[in-house]
Every structure is written in C-alpha cells, then in structure tokens.
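1. I'll drop the sequence and a predicted model, then ask my questions.
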Amino acid sequence: MATLKINGLSKAFGINTVFENVTFDVKSGERIGLVGANGAGKTTLLKCIMGTEEYDKGSVKASDGAIIGYLRQDFDYDSHTIREEMEHAWKDVLYYKDKIAEYAKLLEEGNPDEALIERYGKLEERFEFLGGYDYESKTRKILTGLGFKDEDWDRDIHSFSGGQKVRINLAAAFVRHPDFLLLDEPTNHLDMDMLEWLEDYLRSYKGGILMISHDRYFLDAAATGIIDLENHKIRTFRGGYSRYLETKTNQDAAYEKAYNKQQEHIKETEEYIRRYKAGIKAKQARGRQSQLNRLERLDKPVHQATLRFHFDPPEDCAEKVLDILHVSASYGTHDIFKDLTMHIKKGETVGLIGPNGAGKTTLLKLITGEKQPDSGIVQIGNNVKIGYYSQEQEMLHPEYQVIDEVRNMFNYGEGEARNILGMFLFRGDDVFKQVGMLSGGEKARLSLLCLFLERPNFLILDEPTNHLDIPTREIMEDAILAFGGTCLVVSHDRYFLDKTAGRILDMEGGKLTEYLGNYSYYREKKKDLEEYEKDRNGTEEHSLKTEVKKEEEAKPAPKKQELSAGDEAKMEHLEMEIGRQEATLAMYTAQMSMNPDDYENLAREYEEAKSKLDELYEKWSEIAAKAED
C-alpha cells in the first residue's frame, strides 16, 4: 500500500509561525479533508508537501516510485487549447512516443544494429509502463466525465468560463491517475452536477487524496477523515465533516472541563501552601508544592470569536413579498427562460439553484430592477424593502477605513460604530484597516453588516459563501437565521442551503421546479422522481416494443435492415464505454506489475472489468449484426 508520510513538518515566515510539528500519513484509498480558517496555513502546508515551498524542519516522504498530482488554482495557462494542456500532462509519455517512432524509422531503413533494437525495446517497455498505449482513452474518459465535448479540445483555452477552467485543471490533475492527489479548493466555480460527478469520481479513486475544502457537504460526501489546522497545530479525526464537528465539539468541551478542574485544583493547592507553609503543616505544604511543580499543566483553551446579533426586527410588509408572473427574458437572440412564474411569501427563506448559465443571475436582476423582462410581470409587495448582497461587494468603498464605511453610510459616532463593528468581529485596530486591503471573508462580513444596517425586510443573496472559509460561512448562516425577514438565496453551497432554506427552486432548461424542503429533501425527492420517470419510460417502451413487434410480424421481412438513429447512438455510446473499459484493464495490468503485494485484489478487479468488457462487446455485436445483409 502506497503511503505519503509527513513527519514533524514546521514552517515560519520570519517570527510568524505558520505550523509546527505537523505529522500525519495519507494512505492509498484515504481521502483526507484539510480544514481551517483562512490564513491558518493550509495552502502553505500543501505547497510544502508538493515541494514548491521550503519548510524549516521535518520531512515529506512518499513510497518509492509514487506519483503526486496537484490541482492548480490559477488560470495562467501556457497552453492554447485543452488538447495542449492534456499533452503537457502526458509530456513524458509523448517523449517516448516520439522516440519510438524515430527508432522504428531507423529500423525500417534496414539498420539491424543490436544496440538499436535493444534501445527500441526498452523505450517501448517504458512507454507501456507509463500508460502510453491508452493515454488517449484515459484523457477522453476524464474530459467527457467533466462535461467537455470533442469539439472543445481545440478551442482557445482562455475562452472558457471560470467553472470550465477549474474543470480543465481537474482533468490535468486526474488524467495521469497519480498515487496521491493534492487538491486545493477543488469545488470552486463548479455547479451541483459537476460537484456530484467529482464526489463520485473521488470516492472511486484508488490512490490517496489530501484536499483543502470549505465545502462541508462535499467533505461529508467524499472525505474519510479530517485534519484540522488551528493555532499552528493539527488534530486528526475519522469520518466526514459532520462527524468531525461533533467529535471536535465534544473533545473541546471535555478539554475545557479538564482545564477548569485543574485550575481549581491548582488554586486550592496554592491556597493550602500559602496558609500552612510556616505552620505545623509546613511539611505537608512543601510536599504539595513538589506535586504542583511536577504537574503537567494544560494550556488555556483558545476560544474562537463569535458574532453577537442585536438588530431590530425588520419592518412589516405585505404577505406576498414577490410575484413573478409569466416572465420571459433573453440575451440577444438567445432565450434564457420563457413564461416563468414564482411566488415568495413573507418570512420564507428560499434557495434558488441550477446549473451555471441557467439564468439565476438574470432572474435576480429582474427582481432588483436592474433588468427589464421581455414580457410578463415582476411585482414587489407593499412596504417590501430589498437588500441585495452581491459576490463583488460593489457597495463597499475600497478607499475608506472599516469604521468610516459604517460612520459615513449610517451617521454613527465613533463609539457606536465600534460597538456595531464588534458584533461582526471587527475589534481593536481592525476597524482602521482600509476596506480595499481586507480579505474576502472580512469584506463579506462588512458587506453583510452594512446590508443589515439598511434594515431591509427582503434579502437577496447571490452566492454569499463563495471563497469564504468555514467559520465565515457559519457566521453567514447565523446572521440569516437571526434576520427574521424574507430571503432569496442563490447558492451552490449545499450545506448552507440545508441549514437556511425551507424551500428549493430548481432552475433548469428555462423552467422552475419547486421542492418544499431543504437541499437534502430536494435531492431525495429529485432522485425519487428520476427513478419514477425511468420506471415509467421503461414500461411505456416495453408496451411500444410489443405493439411494434406485432406490426412487424404482420409485415413481410425486409431484404436489408438498416440501423435506426437510436441504435447508432447506442453503438457510439458502447464504443466509448469499450474504450473506457479497455483503459481500465490496462491500468490494472500496470498496477499488478507494480504492486505484487496487492496482486490478488487487483487480479479480482481485473477479472470483473474483463467480464464487463465482454458484455459490452456482445451488446455491440448484436447491434452491428443489424447492419449486415
């Protein structure tokens, strides 16, 4: 079993300690989530493991021959197309491919030199070992799974959206199937379908994975363990995020209880020593002093700052907060949605979800009045005051200090402004920071505070948790739960939607589908509906086949049978699946030669894959036979 060992790793920038004495292992099949607040040092730790950042002491060691893959976060590509980016990932394989072609040409020219033949054989052996014979099918499998079509391969790589570029980076990290994957925020910019694909892919991954993520739902779905980096040290936990949170809460409560008990013991002992050190019990006092000197004292628990909310309840408004009736919107000649209808009542928190490009942002612009519909009515209820939270925080003034942002907008004195800012964790000298120099999480907190100070009764939040760490996401959740008004939330954060939303609107294909529950309820019901449709279509298809069969039996047999469009599509799909399965067999063949200790398990998986491949060939042959005379 391949293992990545991190032992006693420490790193500091000048006098500032980032982390110290970090020790843990990542084994094949383990998927470890690395969590912690922004600035805790997670990315620095990943870079130290990768070798792109020097560490002060400790060691990083992988099993002999192990390959480590890394998910880059930037989009600064040297490549011009996806094809070029994938070729860069396979550059060593392509080097051997070119060399083999070069030597083959020399041999064809009639050069029987034994050294040349031996060199050709070694090149071919190395090419096969690196997966050269199926690198194209592996690349196609990954890119297809991530939603790219054949025509995308040669498009300008810089023309893709942010979410597509993240998927390109994922493909580059996954395509070589490394022994260990290091992933830094792999879920950024991905819509829910892609998130679920990624979770499924990682769960089936045979290698070890270490991933930084603030997506708690993703960590619950994909992680087998959690490493918490806090106060320069790590703690390890089994299971996903929810289990980690429960265990950590219990451990912290038990530690604080033990600390308080020890402090009481120390106080009582010191009082006894003070009282009797010069009296008849001096000997006992000296004995207790010796015990106290030997006592291993617990460090004082560090409490994370939490928000306090003391906002007045929002003003009352009409029972119908928002009515959208038969609305249509387009962009140029492209219809975004047609005849859309939705309603939001007072006191609701509604989650609006859907794939990237479905029209969610357009719908928000219609509600806020920034854009007018092509047809239909958008009606805001009486006394409804909208507060809009944007991802870009446009309402903030980069040149202001934090305290001026509040004083200038709401006419507060310095003392009152400090008290209000303290509720959202801006304390001490933090209030004098320039707004433009704040971190993403700090800007999010300040934007939300300013939004609440405007006293809206209808909050519209566009991706409020993007790029925020888990503590700041929890602050957002607490603020919305304490708000008391009406909320419409557009978000890909499924954990956030589970905690805040009481109704889900799914926008896809220009339509809205309503689910009367949180995100988990939506997933369960959508799955039930998909199963129902599948069963119903299966029944209808069976009935249709029976009728068609009766009709065909009454007709004279045709001289030649041509493939239908459906059969052609099936053949195309089967050919793609055959390519994938052949690539899987080649992978198991390589792994059996590399991992003799795990030969029995790999051989069993190889046989299972071969059996699936045989079934695929049989299905392909049945359809192909229809095209014959």
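-> Good, I have the coordinates.

2. so Ser328 sits in a helix?
-> No: checked against DSSP: H, G, I helix; E, B strand; the rest coil, Ser328 lies outside a helix; its state is strand.

3. so it touches Gln372, yeah?
-> No: applying C-beta atoms under 8 Å as the test, Ser328 and Gln372 come out as separate, 11.2 Å apart. To be clear about C-beta, it is placed using only N, CA and C from the backbone, and glycine gets the same treatment.

4. if you count what's nearby, which of those two comes out ahead?
-> With neighbours defined as other C-beta atoms under 10 Å, Ser328 and Gln372 compare such that Ser328 has more, 15 against 9.

5. show me what contacts that one?
-> The neighbourhood of Ser328, defined by C-beta atoms under 8 Å, 6 or more residues apart in numbering, consists of Asp335, Phe337, Lys338, Asp339, Leu340, Pro373, Asp374, Ser375, Gly376.

6. same thing with Asp339?
-> Contacts of Asp339 by C-beta under 8 Å, 6+ apart are His326, Val327, Ser328, Gly376.

7. Can you tell me the element it falls in?
-> strand 334-345 (DSSP states H and E).

8. Same question for Arg523.
-> Assigned by DSSP H and E, Arg523 falls within helix 519-554.

9. and that helix, average pLDDT?
-> Average pLDDT, helix 519-554: 71.

10. Same check on stretch 465-485?
-> 85.

11. So what's the gap between that stretch and the chain middle?
-> With C-alpha atoms, centre = their mean, to the nearest Å as the basis, stretch 465-485 stands 18 Å off its chain's centre.

12. how about stretch 620-627: buried residues?
-> Trp620, Ile623 (16 or more other C-beta atoms under 10 Å).

13. what's the answer for stretch 329-339, then?
-> Going by neighbour count (16+ other C-beta under 10 Å), the buried part of stretch 329-339 is Ala329, Ile336, Phe337.

14. Following the chain past the strand holding Asp339, name the next helix or strand.
-> Next in sequence after strand 334-345, counting helices and strands by DSSP H and E, comes strand 349-353.

15. isn't there a strand covering Lys300?
-> No: looking at Lys300 with three-state DSSP, it is coil, so not inside a strand.

16. Can you check the pLDDT for the nearest residue to it once chain neighbours are set aside?
-> Distances taken as C-beta to C-beta, 6 or more residues apart in numbering place Tyr259 nearest to Lys300, at 6.7 Å, with adjacent residues excluded. We have a pLDDT of 92 for Tyr259.

17. Can you list the low-confidence ranges for this protein?
-> The model of the chain has pLDDT under 70 over residues 111-112, 305-311, 393, 538-577, 579-602, 626-629.

18. can you tell me which residues contact the residue lying closest to Phe410 once chain neighbours are set aside?
-> Spatial nearest neighbour of Phe410, excluding adjacent residues (C-beta to C-beta, 6+ apart): Leu453 at 5.3 Å. Shown in contact with Leu453 (C-beta under 8 Å, 6+ apart): Val406, Met409, Phe410, Ile420.

19. Now with 10 Å, please.
-> Phe311, Gly387, Val406, Met409, Phe410, Tyr412, Ile420 (C-beta atoms under 10 Å, 6 or more residues apart in numbering).

20. ditto for Asn518
-> Applying C-beta under 10 Å, 6+ apart, we find Asn518 in contact with Thr349, Gly351, Arg494, Leu497, Asp498, Lys499, Thr500, Ala501, Gly502, Arg503, Ile504.

21. With Lys281 instead?
-> Tyr272, Ile273, Arg275, Gly287, Arg288.

22. Show me the strands in the stretch 251-400 of the chain, by range?
-> 320-331, 334-345, 349-353, 375-380, 386-389 (DSSP state E, counting those that start in this stretch).

23. now the last one: how far from the chain's centre is it?
-> What that stands for is strand 386-389. That offset, for strand 386-389, works out to 27 Å (C-alpha atoms, centre = their mean).

24. ditto for the first one
-> For strand 320-331, the separation from the chain centroid amounts to 32 Å (computed by C-alpha atoms, centre = their mean).

25. Parallel or antiparallel, list what pairs with it.
-> With DSSP bridges as the test, strand 320-331 is paired with strand 334-345 (antiparallel), strand 375-380 (antiparallel).

26. May I see these organised as CSV, with distance to Lys105 added?
-> Output for those, formatted as CSV (distance: least, C-beta to C-beta, whole Å):
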stretch, distance to Lys105
strand 334-345, 51
strand 375-380, 67
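
27. Let me see the contact set for the residue nearest the centre of the chain.
-> Nearest to the mean C-alpha position of the chain, counting by C-alpha atoms, centre = their mean, stands Thr187 at 2.5 Å. By C-beta under 10 Å, 6+ apart, the contact set of Thr187 is 166, 194-195, 198-199, 211, 213-215, 217-219, 222, 492-493.

28. How many residues are close by the residue nearest to Ile380 when sequence neighbours are not counted?
-> Leaving aside its chain neighbours, Ile380 sits nearest to Leu322 (6.2 Å; criterion: C-beta to C-beta, 6+ apart). Number of residues near Leu322 (other C-beta under 10 Å) recorded here: 23.

29. ok, back up a step: out of the buried residues of stretch 329-339, flag the one nearest to Leu34.
-> The closest of the buried residues of stretch 329-339 to Leu34 turns out to be Ile336 (C-beta to C-beta; 38.5 Å).

30. Check the burial of the nearest residue to that closest one once chain neighbours are set aside by counting its neighbours.
-> Closest residue in space to Ile336, ignoring its immediate chain neighbours: Gly359 at 4.2 Å, by C-beta to C-beta, 6+ apart. Residues near Gly359, counting by other C-beta under 10 Å, number 23.

31. how close does Asn231 sit to Leu529?
-> Applying C-beta to C-beta, to the nearest Å, the value for Asn231 to Leu529 is 47 Å.

32. ok, now Ala358?
-> Taking C-beta to C-beta, one finds Ala358 at 18 Å from Leu529.

33. Same drill for those two, tell me which one is more crowded.
-> Neighbour tally, Ala358 and Leu529, criterion other C-beta under 10 Å: the higher count belongs to Ala358, 21 against 12.

34. No more questions from me, cheers.
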